[in-house]
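J.: sequence and predicted structure are below.
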Amino acid sequence: MRTIWLILLSLSSSGCYQFFAVEEGVMPDPGQEVRVHLSPARAFEVGGTPIPGIEMVEGEVYESEAQTLAVWTSMLHSRFFRFRGNGAVLYISRDHISRLETRRLVPAKTVLAIGTVAAAIVTIFTIADAVSGGNSFLGGQEGGADGSIFPSFPGTVRVRTR
């Protein structure tokens with residue numbers, strides 16, 4: 001059972017999206033999520049605080065021109081630390097971008113995640129059905145003792161209206 005939850009946790013944490021490298025010379029459209037790898041590392045000022053040695057910037061494209069990319073920043077990464085971008089818009093020259101990646105949906109990963117979650121749910125209810133001796137919602141008795149569609153549990157009070 002623990003293994004199932006670990007698999008579900010790893011799938012949900014990775015999500016159904018992945019970052020893919022953008023072709024050389026192509027600039028992404030505004031609104032796309034990006035990772036901008038910088039070479040050499042740069043210093044940026046965020047909220048009046050200078051942050052040196054930034055190697056990667058994550059966020060959404062705010063504006064995209066031929067030689068400049070403006071990123072609405074969510075995270076800044078240095079060699080040893082991560083910093084919140086707090087929505088600061090950073091303008092990055094194309095000359096300082098060593099690699100540019102956009103976040104895209106991966107259909108195969110999505111299908112795998114949905115299938116795994118569905119299988120886990122069926123497994124959990126099958127185990128619950130076996131443990132309860134067939135008196136669960138998956139089968140066994142056809143509803144409650146009074147013929148209703150819901151099973152009766154000890155201490156349950158049923159009110160009939162007609």
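T.: Cool, the structure landed.

J.: can you map out the helices along this structure?
T.: Using DSSP state H, the helices of the chain run over residues 2-14, 107-131.

J.: looking at these, which one has the lowest mean pLDDT?
T.: Looking at those, the lowest mean pLDDT belongs to helix 2-14 (a mean of 61).

J.: pLDDT below threshold where in the protein?
T.: Counting by pLDDT under 70, the ranges of the chain that qualify are 1-2, 4-15, 133-162.

J.: that one: strands as residue ranges?
T.: For the chain, applying DSSP state E gives strands covering 17-21, 33-46, 49-64, 68-78, 82-84, 89-93, 97-105.

J.: please identify the deepest-packed of those.
T.: Most buried of these, by mean neighbour count (mean count of other CB atoms under 10 Å): strand 68-78, with a mean of 19. Any C-beta I mention is one placed from the backbone N, CA and C, and that applies to glycine too.

J.: who touches it?
T.: Applying CB atoms under 8 Å, 6 or more residues apart in numbering, the contact partners of strand 68-78 are 27-28, 34, 36, 41, 44, 46, 51-64, 82-94, 97, 100.

J.: contacts only, for the residue nearest to Asp95 when sequence neighbours are not counted.
T.: Using CB to CB, 6 or more residues apart in numbering and skipping the chain neighbours, the partner closest in space to Asp95 is Gln67 (7.7 Å). Each residue near Gln67 by CB under 8 Å, 6+ apart is listed here: 93-95.

J.: domains in this structure, as residue ranges please.
T.: The chain is divided into the following domains under automatic domain parsing: 1-16+106-139, 18-105.

J.: thought Cys16 was touching Ala113, still the case?
T.: Yes - using CB atoms under 8 Å, Ala113 is in contact with Cys16, at 5.8 Å.

J.: quick check: Phe20 touching Arg104?
T.: Yes - applying CB under 8 Å as the test, Phe20 and Arg104 come out as touching, 5.7 Å apart.

J.: could I get the strands of the chain as CSV with distance to Ile127?
T.: Formatted as CSV, these follow (distance: least, CB to CB, whole Å):
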stretch, distance to Ile127
strand 17-21, 31
strand 33-46, 39
strand 49-64, 40
strand 68-78, 40
strand 82-84, 40
strand 89-93, 51
strand 97-105, 32
